[in-house]
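Asker: Provide a 3D model corresponding to the input given below.
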Amino acid sequence: MGLDDDAREYHRVDPPGKIEISTTKPTNTQRDLSLAYSPGVAAPCRDIDADPESVFEYTAKGNLVAVVSNGSAVLGLGDIGASASKPVMEGKGVLFKRFADIDVFDIELDIDAVDPFCEAVSAMEPTFGGVNLEDIKAPECFEIEERLREEMDVPVFHDDQHGTAIISGAALMNAADISDKELSELDIVFSGAGASAIATARFYVSLGARRENITMCDSSGIITTDRADSGDINEYKREFASDVSGGDLADAMQDADVFVGLSVGGIVSPEMVRSMASDPIIFAMANPDPEITYEDAKAARDDTVIMATGRSDYPNMVNNVLGFPFLFRGALDVRATEINEEMKRAAAEALAELARKDVPDAVVRAYGDDPLQFGADYVIPKPLDPRVLFEIAPAVAQAAMDAGCARTEIDIEQYRERLEARLGKSREMMRVVLNKAKSDPKRIALAEGTDEKMIRAAYQLSEQGIAEPVLLGNADEIRRTATDLGLSFQPEIVDPAQRDVSDYGDRLHELRKRKGITHREAHDLVRRDTNYLGSVMVKSGDADAMLTGLTHHYPSALRPPLQVIGSAADTDTVAGVYMLTFKNRVVFCADTTVNQDPDAETLAEITRHTADLARRFNVEPRAAVLSYSNFGSVDNEGTRKPRDAVGILHDDEGVDFPVDGEMQADTAVVDDILNGTYEFSELDEAANVLVFPNLEAGNIGYKLLQRLGGAEAIGPMLVGMDQPVHVLQRGDEVKDIVNLGGVAVVDAQE
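Answerer: The predicted structure is shown next:
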């Protein structure tokens, strides 16, 4: 099947469409229903009647946006009418939810005239926290938005006008910087004079471009003052009439710095590109075919051509999804009465700044593993970059508060953390640890210091104030890689080829001389194996913690720190723990990486260590020691081991958390089973610390939960070491290294 047939099937498969309404509160019992509807619903109704602002407290209004259209100007389809536009509006709702967790009712109005359209939308103000106008033809769209902004006390935003303006504005700021040109000096040519082009031109002026440097062309050529005086153009085009004799698009592009295409495909030739000023900026945004192809524009000249299109298969995609979800998120969360120019500028500036930052591995993978680094081919972030939410929305919220259109004040740093939590429970949990780490950063030795991911992680750890990273390895290679990555920092480096590490060799020999290592071998190990070097640095107090394992098999990476640092004084047990985060639940799984067949004493120690780890994430532990048996239902050597471990823990007066077992996994995590069948259990709620009977079960169990249960995994976190060491998994991403770095710092603090 072709794309069209695939799309038809995608939309028609049961249930038809792309969206549904789901409940957010329990509705399982009669009492639930009496709270949700009659008679309980009367109480919040009376409160809202007495205090209209409490509607935001009692209802979904504060997170509900209306996507409203009459289908008169659907992108690429034209005037197809209200009903035919519904798949597009449902799709807009999907984007709101996917990227900013905003709920949407799509509303298609079979109304073309301005007055009744405005009356219909305005009458719905009690329902919605904001209104997104979509696919309404010009010039009516200008009047509709202006009218509704005046009449309504919630944000009204016509995305077709302002979305492209904001995203391309961010790209323009960065492109001008790369080209070493000032916005105020740019000679800008527009092809197209519809709603999007006019709004974009206005926005560029707001960013610092000069009105007299903008030339706008429509299908009849350059929009001139003579045409304006003759009544040939509408009042909105008249705003950008130029005092020139006339001409066509080719004439306008002579010596221009910037071309902005919001018209039709294929109307710009390579010759027209060659006529532009040096290092031209070309935003050919007609869809699906740009005004000139990426290949033709790049091949037209030998200097730097910064090219953006509306397509995902080329660099620098100008996609409105980078704007409207996050604008509304910030506006809704401060209960703004409008989305004003200051908020739009704040969004563009935040987008421009984000493009200059290191790009997460997950984003790079999502776009084909091609390098993404600030420059001519990367002037705006990618739509799938999760950081857009907690960079843009806070900037918009702050701008709303500064402009005086916010009805509630928020703490921006706390708000940023709440936004991260919207992207998943793991971000919320890691924020707890990273905030602790920032309160007292520690020195972390990064054993594989020449690896690109380690260098990027070191930059982020340093830049965010989480830790003081020390990269181990060849200093020249590390500095060269950092420069190639565009990372402007001067990391601390310990290069055994350039630095005297003989003291570390002596220390290693002292520690291992009765374990078969000679003096010469010890010195050789710290010079050629950074895992040994890092371990001795931690043991000697020259580093507070260590990370390794990115390029080694887990056992070989773990061996040096076990030999040099060893387990804590009060235990012989070291274990690996994964924290798995679900939508509304966090579970710590142990042991998943170290102990193949632990005895009862070892299982008890693993449980203690994992409970301590949970508390570092501000989680009060409830531990279950797992088996295929429930509380003696099967009696053999295998089931007695976890049962005995629980007995050891119950006899330990120092254990101040509930723990029970042996029990099956579903008994441990399902409240109804735990409390309905085994009401005698020490656990009155589902367990959040799961201790597996052996390594095989632990490794299988956490991976099944992660893959089939849709959990995010953080780890493995090594517990029981005398000093903080964490061993990464091969192939971990930069964010995993940063997360474990934060955990290591908190370990060192404690």
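
Asker: quick one: the lowest-mean-pLDDT helix or strand in the chain to chain centroid distance?
Answerer: None of the helices or strands of the chain scores lower by mean pLDDT, DSSP states H and E than helix 361-366, at a mean of 76. Relative to the mean C-alpha coordinate of its chain, helix 361-366 is positioned 11 Å out (Cα atoms, centre = their mean, to the nearest Å).

Asker: which residues of the stretch 601-750 of the chain fall in helices?
Answerer: For the stretch 601-750 of the chain, the helices defined by DSSP state H, counting those that start in this stretch occupy 637-651, 665-669, 671-677, 695-708, 734-749.

Asker: Pull the residues that contact the strand or helix carrying Arg149.
Answerer: Take DSSP states H and E as the rule and Arg149 turns out to sit in helix 140-151. In this structure, residues lying in contact with helix 140-151 by Cβ atoms under 8 Å, 6 or more residues apart in numbering are 72-73, 112, 114, 117-118, 121-122, 131, 133, 136, 156-158, 160-161, 195, 198, 236, 338. For the C-beta atoms, the positions are set from N, CA and C on the backbone; glycine is no exception.

Asker: so Met216 is in which element?
Answerer: Under DSSP H and E, the secondary-structure element containing Met216 is strand 214-218.

Asker: before we move on, back to that, following the chain onward from the least confident helix or strand of the chain, which element is next?
Answerer: With secondary structure assigned by DSSP H and E, helix 361-366 is succeeded by helix 387-403.

Asker: Pick out the shakiest of the helices of the stretch 601-750 of the chain, pLDDT-wise.
Answerer: When mean pLDDT is averaged over each of the helices of the stretch 601-750 of the chain, helix 671-677 scores lowest at a mean of 85.

Asker: Any idea how far that one is from the middle of the chain?
Answerer: Between the centre of helix 671-677 and the centre of its host chain there is 37 Å, according to Cα atoms, centre = their mean.

Asker: Next: stretch 287-307.
Answerer: Averaging C-alpha positions (Cα atoms, centre = their mean) puts stretch 287-307 30 Å from its chain's average.

Asker: And for stretch 707-727?
Answerer: Centroid separation between stretch 707-727 and its chain, computed with Cα atoms, centre = their mean, is 21 Å.

Asker: Pop the domain breakdown of this protein in here.
Answerer: Recorded structural domains for the chain (assignment: automatic domain parsing) are 11-21+29-154, 162-318, 322-423, 437-551, 575-720.

Asker: Quick one: those domains as a markdown table, columns for distance to Leu562 and mean neighbour count too.
Answerer: Output for the domains of the chain, formatted as a markdown table (distance: least, Cβ to Cβ, whole Å; neighbours: other Cβ atoms under 10 Å):
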| stretch | distance to Leu562 | mean neighbour count |
| --- | --- | --- |
| domain 11-21+29-154 | 43 | 16 |
| domain 162-318 | 46 | 20 |
| domain 322-423 | 29 | 20 |
| domain 437-551 | 9 | 20 |
| domain 575-720 | 9 | 19 |
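
Asker: possible to save these as TSV with distance to Ser567?
Answerer: Formatted as TSV, the entries for the domains of the chain read as follows, by distance: least, Cβ to Cβ, whole Å:
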stretch	distance to Ser567
domain 11-21+29-154	43
domain 162-318	50
domain 322-423	32
domain 437-551	13
domain 575-720	5
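
Asker: do you know which of those domains lies nearest Ala744?
Answerer: Nearest to Ala744, of all the domains of the chain, is domain 437-551, at 3.8 Å by Cβ to Cβ.

Asker: and the end-to-end length of the closest one?
Answerer: Start to finish, the residues bounding domain 437-551 are 25 Å apart (Cα to Cα, to the nearest Å).

Asker: how far out from the middle of the chain is that domain?
Answerer: Offset of domain 437-551 from its chain centre (Cα atoms, centre = their mean): 30 Å.

Asker: picking that back up, tell me what the least confident helix or strand of the chain is packed against?
Answerer: With contacts taken as 3 or more Cβ pairs under 8 Å, 6 or more residues apart in numbering; DSSP states H and E, helix 361-366 sits against helix 734-749.

Asker: What lies in contact with the helix it packs on?
Answerer: With contact meaning Cβ under 8 Å, 6+ apart, helix 734-749 is reached by 358, 360-362, 430, 433-434, 436-437, 439-442, 444, 446, 453-454, 456-457, 460-461, 464, 466-467, 469, 544-547, 550, 616, 714-715, 717, 723-726, 728-729.

Asker: quick one: the strands in the stretch 501-650 of the chain?
Answerer: Counting by DSSP state E, counting those that start in this stretch, the stretch 501-650 of the chain has strands at residues 545-548, 575-581, 586-590, 623-626.

Asker: For these, could you give me a markdown table that also reports mean pLDDT and distance to His650?
Answerer: Output for those, formatted as a markdown table (pLDDT from 0 to 100; distance: least, Cβ to Cβ, whole Å):
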| stretch | mean pLDDT | distance to His650 |
| --- | --- | --- |
| strand 545-548 | 95 | 33 |
| strand 575-581 | 93 | 20 |
| strand 586-590 | 94 | 19 |
| strand 623-626 | 96 | 11 |
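
Asker: Mind checking the ones you listed for the one nearest to Lys97?
Answerer: Comparison of those against Lys97 by Cβ to Cβ identifies strand 575-581 as nearest, at 20.0 Å.

Asker: dump the residue contacts of the residue nearest the centre of the chain.
Answerer: When Cα atoms, centre = their mean is applied to the chain, the residue found nearest the centroid is Pro386 (1.9 Å). By Cβ under 8 Å, 6+ apart, the contact set of Pro386 is Pro360, Ala362, Val363, Leu423.

Asker: TSV for those, including distance to Gly265?
Answerer: TSV is the format used below for the contacts of Pro386 (distance: Cβ to Cβ, whole Å):
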residue	distance to Gly265
Pro360	33
Ala362	33
Val363	28
Leu423	36
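
Asker: State the pair within those residues that is farthest apart.
Answerer: Across those, the longest distance by Cβ to Cβ is 13.0 Å; it joins Val363 and Leu423.

Asker: so where's the stretch 301-450 of the chain uncertain?
Answerer: Residue ranges of the stretch 301-450 of the chain with pLDDT under 70: 368-369.

Asker: mind listing the helices for it?
Answerer: 324-333, 341-354, 361-366, 387-403, 412-422, 425-439.

Asker: And the ones you listed: which comes nearest Ala376?
Answerer: Distances from Ala376 to each of the helices of the stretch 301-450 of the chain were compared by Cβ to Cβ, and the smallest falls on helix 341-354, at 14.6 Å.

Asker: Mind listing residues that contact that closest one?
Answerer: Under the criterion Cβ under 8 Å, 6+ apart, residues 162, 165-167, 169-171, 173-174, 203, 206-207, 322-323, 326-327, 330-331, 336, 380-381, 385, 387-388, 391-392, 394-396, 398-400, 402-403 lie in contact with helix 341-354.

Asker: next one: stretch 395-408
Answerer: Under Cβ under 8 Å, 6+ apart, the answer for stretch 395-408 is 53, 326-327, 329-331, 333-340, 342-343, 345-347, 349-350, 409-410, 412, 415.

Asker: redo that, cut-off 10 Å
Answerer: Surrounding stretch 395-408, the residues in contact under the criterion Cβ atoms under 10 Å, 6 or more residues apart in numbering are 53, 56, 62, 153, 155, 323, 326-351, 353-354, 409-410, 412, 415-416, 419.

Asker: One more: stretch 612-619?
Answerer: 428-433, 436, 575, 577, 579, 581, 586-588, 590, 611, 620-623, 657, 688-689, 714-715, 717-720, 743, 746-747, 749-750.

Asker: could you redo the last one with a cut-off of 7 Å?
Answerer: When contacts are defined by Cβ atoms under 7 Å, 6 or more residues apart in numbering, stretch 612-619 is touched by residues 429, 432-433, 577, 579, 586, 588, 621, 688-689, 717, 719, 746.
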